[in-house]
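**Student:** Here is a sequence with its predicted model. Questions after.
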Amino acid sequence: MNKLENTNESLKALLRQSEVLKNIPEATLDWLLEKGQCRVIQKGEMLFSKGDAINDMLLLLAGRVRLDVNFNGQNMEYAIFSPGEITGVLPFSRMKEARGQGEVLEDAHLFTLHRSHFAEMIQDHFALTENLVHQMMNRVRIFTAQERQNEKMAALGKLSAGLAHELNNPAAAIVRSAQALKKHLGHVPQKFKKVIQIQTNEAIVDFVNQMIYDKIQHSPSLQMSLLARTEREDQLLDWLEDHGIGECASELAETFTEFGYTESDLEALAEVIRPEDLESVLLWMENNHNTDRMVIEIQEAADRIAKLVNSVKIYTHMDRNPEREAVDVRVGIRNTLTILQHKIREAGIEVVEAFEEDFPDVPVFVSELNQVWTNLIDNAIDAMAGQAQKKLLIKGLVEDNFVKVHFIDSGTGVPAEIQERIFEPFFTTKAVGKGTGLGLDTVLQIMNHHRGRLSLKSPAQPTVFEVCLPLKP
């Protein structure tokens, strides 16, 4: 690196191309030339790597440099620096090391100033210091905005993955049941031949229809244990075989057990049906039950999908204007739990709600508040990783003119030495790539917007985060 000469007018002209240096006094520019140095870094080399000590202000005179920042374990392009732009450490900055890596895209000509000269700059060159402080504030604002956007996208990715998993099960059930129903209905014409040969009367038809209806409406076997179901199925199979039902007896016994039939039911049926018609009637009854079961499976799966979609709609509040609304906060919490159900179930966490009766509506910005519930519940899930007992208690109460919601988890607790820092932007206790430290900061900002409070009530186990919302805005 070579010391710069005060008479280097071409270098002065290059420095003046920077918005930060364009209007500073000539004496200040001369001071920069005296204290600074030039360096050249070839294309493809690294200007700095993540974790490197940063002790210089860097002004790019020529070339281009790409800055990549690690987010959730992946390197993402944050910015590309062009001639005239400044990076590195700035006055009053607390930066000690690089948060990302800078790769030279085109041969980079740099003007550098070591941080040891900042004290003199602050004392004697106010205009330059002021410009650089503005530059630092802009950089922090842009970086924070980008990190918040990345945090939101990562959160959206997690929710999307969980929802995709949750939606996959009922969607697969609909496809499976629809295929089975199509196959089942394909056999109906063949069975119908036997049905139309039955000799019966209106009273017998009413008797059979009523039995089918009663079993569809009340299926006690659904609550039977596996052992009880097996015993019942064996009993029905024996009865069917004793009454000359051979080839299809096993399928009939399984279906009738599922819908709660007993030997007494079949005996009552045998008393009113001719022996030669018994098998045809039983097959017709089984056909009705199978059709009903498949339709119910499709309906339940479709209902599950509809509830998930509705939960997402309410969670995002996508169909409403961003204005305060008086709402029951329990609805937002429950919809958030629905969306995070996949993660909760995989972690083996028991969720318990304990809200006071006649819980009042609260005037809130709904979509913002749902971000609060998501961050606090998600943090609680992560905090309980590795614990033998995993329980999340969500407790709601009313005190004075405030609604208070407590999120109490059985995790490892928050160590006393970091309690004051957990709400700071970018502070995180999670492993590298697992979080940015903006979750609780986001929650805090949302609570400030609501004129509410967020606090950590317990430093040890169990961890208690309290959300306090005013009943009047």
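**Tutor:** It's in.
**Student:** Can you get me a residue count around the spatially closest residue to residue 240 that is not a sequence neighbour?
**Tutor:** Closest residue to residue 240 apart from its sequence neighbours, by C-beta to C-beta, 6 or more residues apart in numbering: residue 249 at 4.1 Å. Just so you know, the C-beta spots here come from the backbone N, C-alpha and C atoms, and that holds for glycine as well. Neighbour count of residue 249, defined by other C-beta atoms under 10 Å: 20.
**Student:** so where's the stretch 201-350 of the chain uncertain?
**Tutor:** Scanning the stretch 201-350 of the chain for pLDDT under 70 picks out 219-224, 311-322.
**Student:** Do a quick rundown of the helices in it.
**Tutor:** Taking DSSP state H, counting those that start in this stretch to define them, one finds helices in the stretch 201-350 of the chain at 202-217, 226-242, 249-258, 263-272, 275-316, 329-339, 341-347.
**Student:** Now render those as a markdown table, adding distance to residue 174.
**Tutor:** Shown next, in a markdown table, are those (distance: least, C-beta to C-beta, whole Å):
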| stretch | distance to residue 174 |
| --- | --- |
| helix 202-217 | 21 |
| helix 226-242 | 26 |
| helix 249-258 | 20 |
| helix 263-272 | 31 |
| helix 275-316 | 5 |
| helix 329-339 | 19 |
| helix 341-347 | 19 |
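**Student:** Can you say which of those helices is nearest to residue 177?
**Tutor:** Of all the helices of the stretch 201-350 of the chain, helix 275-316 sits nearest to residue 177, with 4.2 Å by C-beta to C-beta.
**Student:** packing partners for the helix or strand containing residue 39?
**Tutor:** Element membership of residue 39, judged by DSSP states H and E, is strand 37-41. Other elements packing on strand 37-41 under the criterion 3 or more C-beta pairs under 8 Å, 6 or more residues apart in numbering; DSSP states H and E are strand 2-3, strand 100-114.
**Student:** Tell me which of those strands is the most buried.
**Tutor:** Most buried of those by mean neighbour count (mean count of other C-beta atoms under 10 Å) is strand 100-114; its value is a mean of 19.
**Student:** before we move on, the earlier item: out of the helices of the stretch 201-350 of the chain, which comes closest to residue 397?
**Tutor:** Of the helices of the stretch 201-350 of the chain, nearest to residue 397 by C-beta to C-beta is helix 329-339, at 12.0 Å.
**Student:** re the thing from before, show me what contacts the residue nearest to residue 240?
**Tutor:** Listed by C-beta atoms under 8 Å, 6 or more residues apart in numbering, the contact partners of residue 249 are 237, 240, 241.
**Student:** how about the closest residue to residue 22 other than its chain neighbours, phi and psi?
**Tutor:** Spatial nearest neighbour of residue 22, chain neighbours left out: residue 16 (5.8 Å); criterion: C-beta to C-beta, 6+ apart. Residue 16 has phi and psi values of phi -70, psi -20 when expressed as degrees, to the nearest 10.
**Student:** and for stretch 124-141, what are the contacting residues?
**Tutor:** 20-21, 23-25, 28, 31-32, 57, 86, 90-93, 121-122.
**Student:** Weed out the non-buried ones from the contacts of residue 249.
**Tutor:** Those of the contacts of residue 249 that meet the buried threshold are 237, 240, by 16 or more other C-beta atoms under 10 Å.
**Student:** The residue nearest to residue 22 touches residue 32, doesn't it?
**Tutor:** No. Assessed by C-beta atoms under 8 Å, residue 16 is found out of contact with residue 32, at 11.0 Å.
**Student:** follow-up on the earlier one: partners of the strand holding residue 39 in the sheet?
**Tutor:** Partner strands and pairing direction for strand 37-41 (DSSP bridges) are strand 2-3 (antiparallel), strand 100-114 (antiparallel).
**Student:** tell me the domain boundaries of this structure?
**Tutor:** According to automatic domain parsing, the chain comprises the domains 2-124, 182-300, 322-470.
**Student:** all strands of the stretch 351-473 of the chain, in order?
**Tutor:** Assignment of strands within the stretch 351-473 of the chain using DSSP state E, counting those that start in this stretch yields the ranges 362-364, 391-399, 402-409, 453-458, 463-470.
**Student:** so which of the ones you listed gets nearest residue 269?
**Tutor:** Of all the strands of the stretch 351-473 of the chain, strand 391-399 sits nearest to residue 269, with 50.2 Å by C-beta to C-beta.
**Student:** Can you tell me which helices and strands that closest one packs against?
**Tutor:** For strand 391-399, the packing partners by 3+ C-beta pairs under 8 Å, 6+ apart come out as helix 329-339, strand 350-355, helix 366-383, strand 402-409.
**Student:** Counting neighbours, which bits of the first one end up buried?
**Tutor:** The one in question is helix 329-339. 329, 332, 333, 334, 335, 336, 337, 338, 339.
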